[in-house]
Structure formats: C-alpha cells, structure tokens
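J.: Sequence below, structure please.
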Amino acid sequence: MGGAVPFLVAVFLLSVGPSKSGANERDDTCTGNHHRIGSIGAVVDQGSRLGREQKTAMEMAVHDFNLFGCSKIALHITGDLRGSSGRAASAVLNLINNEEVQAVIGTLTSSLVELVSVFDDRAKDMPIVSLAPTATYTASSQQLPQLIHMGNNISLASRCVAAVVGHFRWRKVTAIYEQSNCLSTEGCFLTHLSDSLRVVDSVIDHYSSFPQAAIEEELKKLKGKSNRVFIVTQSSLEFAILLFDKAKHLGMMKYGYVWIVTNDLASLLGSVDSHSISSMQGVIGIKARFIDIKTKSFREFKLRFRHKYGSAYPEEEEYSNPSLFALQAYDATLAVTKAMEKSQGRTTYEELLKTNMFSTNFAGPSGDITFKMGTLSNEETFQIINVVGESYHEIALWSLSTDFLGGKLGPLYWPGGSQIVPKGWNSTSFLGDGENVLKIGVAAKTAFSQFVRVTYDHNRNETNVTGFIVDVLEAVVKMLPYHLPYVLTPFNWSNDEMVEGVYHKIFDAAAGDISIVADRYQYVEFSQPYLESRLVMVVTEKPENSKWFFMKVFKKEMWVTLAVMSVFVGFVIWLIERAENPDFDDHLGTMLWFSFTVLFFVQREHLKSNLARIVLAPWFFVILIVSASFTAILTSTVTVSRLKPSIDIETLKRTDSVVGCDGITLVCRYLVEVLGFMPVRIKRIDSISGYAKAFENGDIAAAFFVEPHAKLFLAEYCKGYTIAGPTFQFGGFGFVFPRGSPLVIDISEAILKLRESGELKKLQKDIFSSHCSSSNDLDHDPSLGPAPFYTLFCITGGIAISALLITLFRQLRKQTQVPASNNRH
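T.: Reported below is the predicted structural model:
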C-alpha cells in the first residue's frame, strides 16, 4: 500500500505514545536541525462548517508532514471571509505579499484567481490549488497555468442530478441557491444543470436566489407555484438548515414535495444535528463518493479529526465527523507539502506543480491522488442518499460509465413518509380543507348527454356529472403512477369558451367532446385523442329505384368474367364434339347457343366425347356455386329495399338549403369558415331529438356532426338516415390543459395504455351500441366480384385450355396422316 496509510498509523500511534514506525518514505532520523523549506497559505471561510472542516484538515496535514524528517513547512490560514469574494481576493494578496507564502490552497474559483492575477503580477507565478467545484479540470489550464483544480467536477454532478430527475420523469424543477454565496462554485453549475436536464426532457422552470433574511418570504412565493421539485445548490450548510426549518414550518416538507440537495450540502449532512435533520426527512442528496469508510486508514483519520475538531469547536463536538471536503483539503495540502519538499525552495509553479506535484502519487483519505496530464485523474462516483430518521442511507450509486448501478433507484421515503413517487407538480385549486385538487371544467350544455350528463340531487344538494367522458377520465386517472385528486365543475359554455377558460386559468383542465384543432393550440395543449373524429354529413335516405337492379348483384368484372368463361368453355366443347357429334354442326350460332343454355342446365346437345365431359363437369360446378350466390344476393336486395342519400354538399350550397349543427362545438364555425355555408342558412340544434324533428318538419336538408355524434344519432335513429358525402378529418377528442402543463405527457401516456389494454374500446362499444334491431350499412357494397371464385375459374379454365391443346394436337396429327396415306396409294 502507498505511504499515506502507514504514515497516518504512525501519527495515530504517536498521539498515544512515541513511535517511529511508518515514516512515509521520509527520513525520520534527522541528525541536524530541522530546516524550514517554505510556507503554505490557506484561504477558508471559518464562518461556515465547510471552512472549519477545511482548516482542521489542513492543519492536520501540515502537522503530519512536519512530524517526521528534517523539512518543516509553515501554514498561514486566513479565515474571516464572511462569504465575500472581495475578502477572499484580499486574503490571497495578503498571503502573497505579507506572509510570502510559496503556495495557496483554498476554495478559490478561476474567476477569483484571474482577478488576483490582474492586481498583482506575483500571483501569476504563485502555485494555487483550488478546492472549489469546477466544470472541468482543464478549462483554465491555458489562461491560468498556475492553477490546479482538486475539487469536484460539477459537470458530472449536474448530470447525476439530471439522471435522478429523468428517472422519475419530472418535467420541471425549481433551482434554489443562496444569494450571498460566492466562493463555493464557478457559478456555472446551474448552466450545466440546465443543459443536463434538457437531455432528460426536463427544464428549470424557476430560478430562486434566496438571501438568508428573506427565506420565508421566498418560500411562500414558491409554494404558490405549481412546481413541487426543488433542487437546492450553491448554498452553505447554515443556509440549508434554516431553509428546511422554514419549509417544514410552511408545510412544504409533506407528501407531494420533492427536495434534492447537491454535493455541496449532501456531503455535510453527517455533521447536522438531530433537530435539523428532523426538518429534512425525505430529502434526496447527491453525494460524491470517496474511499471506503470501512478501511483502517479512514477510521484512524476520522478518530483524529473528531478529536481535533471537537477540541477547537466544542459546541460541535457531537457532530464532528469529517466530510468529503475535509478529506480533499487534507489530501491537497499533503500533495503540496510533498511537492515543496522535492523542490527544496524552488517555488515557481513550473517547478512546484509541473515537475513535482504532478508526479506525486499517494493514497489519501479521499482516495487515490494521481495526476495525469496535469489534472487530477479519477472517475467520480456519486451516492444517491435519502434522509430518513436521524441520518441518511444510500439508495443507489451513479457514475457516468454505469449510470445507476443495477438500474434501480430506491426504495425511497419521500417528504411526509410516503413511498409513492410524487408527481412533481400541483394544481392551484383547493378544496375546502386545503387539499390541492385539479379543477376540471366540463361542458354541461351539450346535445349528446351520452358524453356528459349533469344532474342535480336535491336531497343531497350536490351536482353529479356522468357519461362517457367521465368514464374515460376516471379510467385514465387510474392509469397514472400517482394519485391525482380532481373535481368536475360543469359550465354551460361552448367548447370554444371552455378552451378559453383553461387559457385564462378559470379552471386547470377541461373535459368534454372537445375536438383537437390547430387554432386552439395557440392557447392550450391537448392530450392524445381518446376518440377519433371527423366531420360528416347526415341526410335522409330515399329508395333506390332501378329497372336493372338485378344487374348490380354482380360487379361488372364478374359479368365479363362469366361471359368470357362461358363462351370459352362452349367453344372448347364445340371444337371437341363437332367432328363426330351431329348435334354440334359447323355453325357458330350452335356454339353460342350451347354456351348460353348450359348456364341454366337446359342444353339439349348430348356429349359423346369423354374429353368434353371432363371440360363440362367443373364448369357445371362453377355455375352451381355462382347461381346460388346470385340467388342469395338477389333475394336480399329484393327483401331489403336499397336506399341512397337524398342530397350532397354541393347541392346544399347551390340550392341555399338550411343545414343543422351543434352550436357548442366547432362544427358551425367550420361550416362557415371552411365549407363556405352562409351563416343564415345554418340552424343550431341543442338536442339529439331536435335533429329528428328538424328533418321531419323539413327545417333542415342535412345535419353536420363530428363522427362520434353522428354515430350516436344513427344509433338512436337508424331508420331513414345515412351518412353521405366526403368527410373532413379532425384531430379527435382530447382533454385540454394549459400550455406547459406537466400533466399532458402523463395523461397522454395513460390514454395510450388504456387503448392498448382494450378498455377504451370497451367503453366506446358501450356508448355506440345501436338501439335498433338492425341497421343498414350503406358503406357496404353487396355486389360480388370475381375474386371469391378465382380458384374455381382457374381450375375450369386450366382444364379447358388443356383440352383445347389436346384437341388441336389430335386434329393436326389427323391432317398430317391423311396426305401420307394418299401418297402410298
């Protein structure tokens, strides 16, 4: 094992009693006087838990280095920063100019180091080790070659947070950060987080910068918004403790809320007292994982750290466990001391960093410290933790290469103690007891009560809403992976007014026979259609009178096929029989007469050739099948009178006929704007029986419906009416939501699941079942074509062709034999 573990063991043993074991490859038999090779400056914010841990760890590292060998290093710590970037810059300049340090360590961002370099040229040659989280370790290597990053990679951290958000499919999050916090990050974490969230189809809906003095006021503002997923980042531990205490007081730590804290807070949760941790129940943390805490070296480091930290800050002695930031501070300081020992006073960044520090490899409390191409070489793994009880427990591991180990994340306890995943948002409507519900408007004013029916119970003094739309909505909500309370509120509005009501936030959603059309997308969003729809025209039927109605039993192709096959079979039989059968003379009329009479089995000619009988037998079978089909269809046609539409759209417009439509749907508007009907020629009808009366009284010549309405009308009045003319496609019926609503995706997915399961089809079948014993399907054409008889025609034709070839061969051979016989004579 590397030199760090025996070195730490020796230090621990020395704390109990003198020992010379584990000198970490340094000569502990110094015969001369100890000589000082330089000093290190440290910039920490001792006003925060993070800064106090870093200070303690740095002092331990220098003490451990100075304990053995002849080289000594001094440590100068500046700690009165109060969260100010200006104070931090001033502290760096003071260390360089007054304390004359050879290197600086601290939570210093690239922008702060660049600012210091502008004010003092000596800072350009000063090796500076930054413990601040950064987007990438090599981003500033060219502009600031004296700066080396040993903090966490915020780019990976942001992708880990996004992975958690994407796993639970939250579409919007709110980012909360401390307003006065300037030192802990490069300031671009939120940018990286926003980019990472886009990859998982999520966005930061709101950025909220909290000053400590106004936490409660800012939380109240967030409570009034619909989003319930909060990511707390770029904040001190003290700020976070106060934040969650206020959130609990405001009722924002109950079920329905989601709180995620990033590494800068999650890594410090081990030092939070029980009172504060009780306000964080259900919080999810993204915590950088370090060396296995079960190793002997870590246990020894932890014991020493607790003793030293508890002595320096006795009020925090009970919660003095080291965090990842303490381990990183210790390893960074130890790496600098080793490099300074190798350089022996040559302290330019080229000598200290590139030559010595980058070649230093050892195992520290935070893990293996190895530099590769001028950067800290390690693949970060993050723990996903869940605050439960008096502490937290690990629920998953995440890394860029493996994603969530095992593909699982959980089980989780959410705020309020529930294990049901929160949906991540909330409506802005409330029941009387304060419970959040979704207020859904339904159109009570409809001509088709099968879709929505509103009744009032006088005994209970309540309004009941039932119907197909309500049944579909209930089934869809049951498919959601979370509980969605809602209340149906009937309105006597048109569908266009319902859409406007959602746009103006009068209610949170709308349900009804509302068609999905393009112009409504300017104001609202729609779910997937749960019912297909198109514009159709219904007209009265009139009997179809035709003198040649029997000819329509077969299609034209069938009649032609029968005629050709009959003539061809008759020709083949005539050709076979005419030489030896006197019933078949050489007249073409004889052949045609036989072809016709055989269709009715009344032919008088007797066949003598077996080959002719072979040809005629399958043709008889074909005639028998075709005749039976003809008789059946003809009987059906005579029994059930054929009807046809009484009028078409162009005739309606040309004759200025009055047409009817449902006034609350978009149909009337569509007739005027798209089909070109005059508004004065459109009659609005508000009931399904009103259409029948209008037809009977001659008030309208046709009625226009969306297809589901037309099916209901024809199911009720299936005699005397039919759908006619072309249809015009709409987007179907869908549920209406405000633009950007996170419910749209979930409801759409639930509708698809309902459709795939067959439950939606069953609901549709129940509502569209006809009340009539039978009905005419005018789209069905009973005329038969040759396709059903294709096999029979092929067999008969094949046999006839074979017989024809045999006959021609026989006649040709006979003709060639006669001249040969004459020549012999």
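J.: all helices for the stretch 401-550 of the chain, in order.
T.: Assigned by DSSP state H, counting those that start in this stretch, the helices in the stretch 401-550 of the chain fall at 468-479, 495-503.
J.: Pull the contacting residues for Cys794.
T.: Not one residue lies near Cys794 by CB atoms under 8 Å, 6 or more residues apart in numbering. All C-beta spots, glycine's among them, are computed from the backbone N, C-alpha and C.
J.: Doesn't it lie inside a strand?
T.: No: looking at Cys794 with DSSP: H, G, I helix; E, B strand; the rest coil, it is helix, so not inside a strand.
J.: Any idea which of the helices of the stretch 401-550 of the chain gets closest to Asp686?
T.: Of all those, helix 495-503 sits nearest to Asp686, with 13.5 Å by CB to CB.
J.: what's the spacing between the closest one and its chain's center?
T.: 27 Å (CA atoms, centre = their mean, to the nearest Å).
J.: buried sites along stretch 649-657?
T.: Across stretch 649-657, burial judged by 16 or more other CB atoms under 10 Å covers Ile649, Leu652.
J.: er, stretch 101-120 I mean
T.: For stretch 101-120, burial by neighbour count (16+ other CB under 10 Å) applies to 101-110, 112-113, 115-117.
J.: I'd like the average pLDDT over it.
T.: Per-region confidence: stretch 101-120 scores 86 on mean pLDDT.
J.: now swap in stretch 631-645 and tell me
T.: So the average pLDDT for stretch 631-645 ends up being 63.
J.: related to what we said a few turns ago, between the helices of the stretch 401-550 of the chain, which gets nearest to Gln143?
T.: With distances scored as CB to CB, the stretch of the helices of the stretch 401-550 of the chain nearest to Gln143 is helix 495-503 (50.1 Å).
J.: Now do that closest one: which elements does it pack against?
T.: strand 436-443, strand 486-491, strand 509-511, strand 524-526, strand 736-738 (3 or more CB pairs under 8 Å, 6 or more residues apart in numbering; DSSP states H and E).
J.: With mean pLDDT, distance to Ser236 and mean neighbour count added, can I get these in TSV?
T.: Listed next are these as TSV, based on pLDDT from 0 to 100; distance: least, CB to CB, whole Å; neighbours: other CB atoms under 10 Å:
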stretch	mean pLDDT	distance to Ser236	mean neighbour count
strand 436-443	84	32	21
strand 486-491	89	41	18
strand 509-511	92	41	27
strand 524-526	93	40	21
strand 736-738	92	37	23
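J.: closest to Ile647 out of the ones you listed?
T.: Nearest to Ile647 among these is strand 436-443 (30.5 Å), distances taken as CB to CB.
J.: The closest one: partners in the sheet, and parallel or antiparallel?
T.: strand 429-430 (antiparallel), strand 486-491 (parallel), strand 509-511 (parallel) (DSSP bridges).
J.: what is the orientation angle of it with helix 495-503?
T.: Computed with axes from the mean of the first three to the mean of the last three CA atoms, to 10 degrees, the direction of strand 436-443 lies at 160 degrees from that of helix 495-503.
J.: List the contacts of strand 436-443.
T.: 256, 426-427, 429-431, 452, 454, 465, 469-470, 473, 484-491, 493-495, 498, 501-502, 506-514, 664, 743.
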